[in-house]
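Asker: What follows is a predicted structure for the sequence shown.
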Amino acid sequence: MTDAAEFRNATKEFRGNPAIVGVDFTLRRGEVHALLGENGAGKSTLAKVLAGLYPLTAGEMLLAGRPVTLSSPADALAHGIAMVFQETNLVPSMTVAQNIFLGDEGFFNRLRGINIKAQQHLQRLGFHIEPTALVSSLGAARKQMVEIARAVHHRATVFIFDEPTATLTPEEKQHFFALVERLKGEGASIIFISHALEEALAVADRISVLRDGRLIVTDAASAFTRERIVQAMVGRQLTDELYGGGARRREAREPGERVLALDNVSMGKAVRSASLSVFAGQVTGLFGLVGAGRTEMMKIAAGVLKRDLFHGGRIRLDGRPVRFRVPRQAVERGIAYITEDRKLDGLFDTMSIAQNIFLGRLLKGANPVAPVSMREARAKAAEWIAALHIRSISDEARVVELSGGNQQKVVIAKSLIQAPRLIIFDEPTRGVDVGAIAEIHQTIEALADAGAAVVVISSYLPEIMNLSDRILVARQGRIVEEMTIDEASEEAIMYAAVH
Amino acid sequence: MSGLARLWRRFADRGAGISVPPMDGVFKPNGRLEEAERIAVLSDVDNAVSTATGLLVGGGRRLYRLASPGDGTVPEPVAEFGGPVTFLAAAADGRLAVGVEGEGVRLGSLDGGWTAAATPEGARDCAVSGAFAPDGTLYLCVGSTTLPASAWKRDLLSRGASGAVHALAPDGTTRRVAGDLAFPYGVVVRPDGTLHVAESWRHRVVAVDPGGAASPRPVVADLPAYPARLSAAAGGGTWLALFAPRRQLVELVLREDGYRAEMMATIPPGEWIGPELSTDTSPSQPLQAGSVRQMGIVKPWAPSRSYGLVARCDAAGAPRETWHSRADGTMHGVTSVVEHGGAVYATARGAATLLRLPPARARRTA
């Protein structure tokens, strides 16, 4: 039986810079093939070539044993290849049903008929999404589901999932993995790109690791351990730097002063009478499923969102009630909120690293009419580039040219340059490679050790358990459980988040 | 302009709704007070003090001594007064001070009899706490200058702030150290000579200058419960008893002046909506729309009006560890906590029980 897809000595260059070099890769029929590597390793490029977005510079691609050159994603889809992107490609102003049937409309389209068909299709996949809902009203996880549903609808036989679980809750991930199993059972071949190594080990039949555009190893998943994958990915040993196998390496830090207190804070239906405290010198982990209101709680504290004007509760900073109208007021009071969506809220991606970092400085206490000294900006940025090990050709490099991990470090530097006392990290390592994860974790630990109050919002339980000195669990807009690190286990946290 | 700003703040404050600080962090609920060893059942047990001859406990009009508490020793009545004992204090030289509602402060010893001390304003009826300094000065908390100690709930619902701290020197002279306090319910002399005072109705502990020169400075604010008596802990910290929880219902009542006035004028004090020392099981008390009981079982997280809470604070006064008896427990209304003979004892007035607390967690000791 021929392979579903194959690359022979494949090379793809962008303006002379190779993204993948001499890659030999095969995707067998009916297999789940995990593609792993640090950001910038070439995983997405390889996948995008297969999805018809880029042509190869050298080498060849075979589908079902025949050499092909795909001219577009539509061409790829015609060959049965569908890619579900990390950033979804849906039309936000259209409904879920319209998006699913986009490009496959009949001559006469009856909206009701489309909605019914979409409903049946979504139910078959186990996705609880209203087909008439506008895509713009959906959260990231549900958008991803729609994207998957669309690919399944187009009867693709090769599915490429690029970081499919990054935005999914653990519960939704289980649905997703069940879907992958079902697709595999129906004979589909799946490429699974992820930073979550445990997921790759659990779901994949074979694993390929890329590093610096080259294929380092391909083997059966059962032949890999976490350590072997990490070593192949980064070329160095990171065994205990990350998560330490779930076991804590240290005692929880003693709490300092109560820096932030939310007393019965409410905001619409997203946050309902939420109460929590954040203490200096500690990392407070905040866990919850999508829609639990954890991000909204912290955005209210940081002035990004406003709580209800009436009966919206109280927020106390250092014991004094505060009500921020704009985030700048929170920044001036020493609160930094590091967004979960760096591309949308965190960066000016066409500006340089130095400009981005110094923008953070300008937000706090800078004279609005004084000219900006670019020399000072570069000097300040250089300090943070060195401190956070931001890797780039130069500090004048545009942020868009950086890998996800380095972009995240720029976002962090942009906030830390403000010398905040309360730092809120929202999904700090989402879409970040393992090497950068360890460095970001070290930064978070160092901040707490230095006496800052740190909040880490994460959907990734090992991250929450590894970093936090105390763990808060949010559900349905309120805090439902607080655990010490001695009490916390993945099961206990998840139980609190779900029940 | 400032008037407008004040008006807006008042408006915005009301708009914020009624909120109480969360019991989280150090105040995360546990059942450790329920697990405490029950040493003795004493009617109206309210306060305790460690002396060289044993643990002295005040309950109702009587003073009891427990030579070696918990070893089968029965509390021995050692003195009786003309009114309820409202505080106990012991000096390093063995002198005792006893507050008696209606009689004021009595100084003396168990063997040598009692003499009436000079009584500052309000101390006759409402001397609720006292502590001796190393120089023999007795620092005395007067909860209210207008109401007796037993009428503490009326003082709270009247938004009373007439409390004061007085110094009674060994030569018999008195001076006011701090005033306008909202029911100062506990006092402890810190190793540096300053006083920490639990200002109950303002839910905080304040540092008071014993010379009376500086204004009280908050040490811990926004406590989730009403603080009561303080005592010194080994290692330089303090013990803090918190006698009742803050609840949104009570906060609402405290906002509504007209409602409170009518309630106090027309309803017996036992039925007033306010903090309690024990859970009232009488059928006349509302179950708060099922939020307290579910299928006959009291929910531990229910917003009960009574609660049991003890906190161990570090040398700076910050709470470090807590012992709780939640809504489904009975060891409520802890009004004092004291170290004696290497163990820690608490008086759960709501349960009329003297408790010995489970030991503090080793790594958290100050």
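Answerer: In hand now; what should we look at? Numbering: from 1, shown residues only, chains lettered A, B, ... in the order given.
Asker: What pLDDT does the model give the most centrally placed residue in chain A?
Answerer: What sits nearest the mean C-alpha location of chain A, by Cα atoms, centre = their mean, is A:R430, with 3.1 Å. What the model reports as pLDDT for A:R430 is 78.
Asker: if I've got this straight, it is in a helix?
Answerer: No: under the criterion used here (DSSP: H, G, I helix; E, B strand; the rest coil), A:R430 is coil, not part of a helix.
Asker: what residue ranges in the chain score low on pLDDT?
Answerer: With no chain named, the answer covers chain A. Counting by pLDDT under 70, chain A shows low-confidence ranges at A:1, A:15-17, A:39-40, A:86-88, A:140-141, A:166-167, A:234-250, A:290, A:393-395, A:498-499.
Asker: Oops, wrong one, chain B.
Answerer: B:1-2, B:5-17, B:71, B:281-296, B:361-366.
Asker: centroid residue for it?
Answerer: B:A228 (1.6 Å).
Asker: pretty sure that one contacts B:S200?
Answerer: Yes: the criterion here is Cβ atoms under 8 Å, and B:A228 meets it with B:S200 at 6.7 Å. (Glycine included, C-beta is placed from N, CA and C.)
Asker: Show me whatever sits in contact with both of these two.
Answerer: B:Y185, B:F243 (Cβ atoms under 8 Å, 6 or more residues apart in numbering or on different chains).
Asker: The residue nearest to the centre of chain A and A:K343, how far apart?
Answerer: 11 Å (Cβ to Cβ, to the nearest Å).
Asker: swap in B:T53?
Answerer: On the measure of Cβ to Cβ, B:T53 and A:K343 end up 73 Å apart.
Asker: Could you do A:G293 as well?
Answerer: 23 Å.
Asker: Name the residue in these two with the higher neighbour count.
Answerer: Per other Cβ atoms under 10 Å in any protein chain shown, whichever of A:G293 and A:K343 has more neighbours is A:G293, with 25 against 15.
Asker: Leaving out sequence neighbours, find the closest residue to the more buried one.
Answerer: A:G477 (3.9 Å; Cβ to Cβ, 6 or more residues apart in numbering or on different chains).
Asker: Assess the claim that the one you found and A:A270 are in contact.
Answerer: Yes: A:G477 lies in contact with A:A270 (Cβ under 8 Å); the separation is 5.7 Å.
Asker: Pull up the overlap in contacts between the two.
Answerer: A:G293, A:E296.
Asker: Who has more neighbours out of the two?
Answerer: A:G477 (23 against 19).
Asker: Quick one: residues contacting the more buried one.
Answerer: A:S266, A:K269, A:A270, A:V271, A:R272, A:S273, A:A274, A:A292, A:G293, A:E296.
Asker: nearest spatial neighbour of the last one, skipping sequence neighbours?
Answerer: With Cβ to Cβ, 6+ apart as the criterion, A:E296 has its nearest non-adjacent residue at 4.5 Å, and that residue is A:A270.
Asker: any idea how far that neighbour is from chain B?
Answerer: Distance, A:A270 to chain B, by Cβ to the nearest Cβ, to the nearest Å: 16 Å.
Asker: and stretch B:211-225 with chain A, contact?
Answerer: Yes: shown here: stretch B:211-225 in contact with chain A (Cβ under 8 Å from any Cβ of the partner chain) through B:P218, B:A221, B:D222.
Asker: Isn't the second one up against A:R320?
Answerer: So that's B:A221. No: if you go by Cβ under 8 Å, B:A221 and A:R320 don't touch, sitting 9.5 Å apart.
Asker: who has more neighbours, the two?
Answerer: B:A221 (17 against 9).
Asker: Got phi/psi on that one?
Answerer: The phi/psi pair for B:A221 (degrees, to the nearest 10) reads phi -120, psi 170.
Asker: Could you do A:R110 as well?
Answerer: phi -100, psi 120.
Asker: check contacts around it.
Answerer: Counting by Cβ under 8 Å, 6+ apart, A:R110 has no contacts.
Asker: Now do it against chain B, distance only.
Answerer: A:R110 is 48 Å from chain B, by Cβ to the nearest Cβ.
Asker: Show me where the stretch 151-300 of chain B has its helices.
Answerer: B:152-157, B:248-255, B:257-266 (DSSP state H, counting those that start in this stretch).
Asker: winner for burial among the ones you listed?
Answerer: helix B:152-157 (a mean of 22; mean count of other Cβ atoms under 10 Å in any protein chain shown).
Asker: for that helix, packing partners?
Answerer: helix B:248-255, helix B:257-266 (3 or more Cβ pairs under 8 Å, 6 or more residues apart in numbering or on different chains; DSSP states H and E).
Asker: Now render the ones you listed as JSON lines, adding distance to A:S189.
Answerer: Formatted as JSON lines, the helices and strands packed on helix B:152-157 follow (distance: least, Cβ to Cβ, whole Å):
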{"stretch": "helix B:248-255", "distance to A:S189": "58"}
{"stretch": "helix B:257-266", "distance to A:S189": "71"}
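Asker: now those helices as a markdown table including distance to chain A?
Answerer: Supplementary listing: these in a markdown table, determined by distance: least, Cβ to the nearest Cβ, whole Å:
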| stretch | distance to chain A |
| --- | --- |
| helix B:248-255 | 7 |
| helix B:257-266 | 18 |
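Asker: Please name whichever of those helices is nearest to A:L90.
Answerer: A:L90 sits nearest to helix B:248-255 of all the helices and strands packed on helix B:152-157, at 43.0 Å, using Cβ to Cβ.
Asker: returning to what we had before: roughly how far apart are the residue nearest to A:G293 and chain B?
Answerer: 15 Å.
Asker: Repeat that for A:P371.
Answerer: For A:P371, the distance to chain B - Cβ to the nearest Cβ - is 34 Å.
Asker: and what of A:Y337?
Answerer: 21 Å.
Asker: so who does that residue touch?
Answerer: A:M298, A:K299, A:A301, A:A302, A:V304, A:P327, A:A330, A:S415, A:I424, A:D426.
Asker: Dig out what it forms beta bridges with.
Answerer: A:I424 (DSSP bridges).
Asker: ok, now B:G113?
Answerer: B:S109.
Asker: Quick one: end-to-end distance for stretch A:191-207.
Answerer: End-to-end span of stretch A:191-207 (Cα to Cα, to the nearest Å): 10 Å.
Asker: How far off centre is it?
Answerer: Using Cα atoms, centre = their mean, to the nearest Å, the mean C-alpha position of stretch A:191-207 is found 16 Å from that of the whole chain.
Asker: Okay, buried residues for that stretch please.
Answerer: A:191-197, A:199-201, A:203-207 (16 or more other Cβ atoms under 10 Å in any protein chain shown).
Asker: ok, now stretch A:390-400?
Answerer: For stretch A:390-400, by 16+ other Cβ under 10 Å, it's A:I390, A:S392, A:D395, A:A397, A:R398, A:V399.
Asker: Look up how far B:C141 lies from the fourth one.
Answerer: Here the distance between A:A397 and B:C141 works out to 66 Å (Cβ to Cβ).
Asker: What count of nearby residues applies to A:E383?
Answerer: A:E383 has 13 nearby residues by other Cβ under 10 Å.
Asker: I meant A:S373, not that one.
Answerer: Neighbour tally, A:S373, other Cβ under 10 Å: 11.
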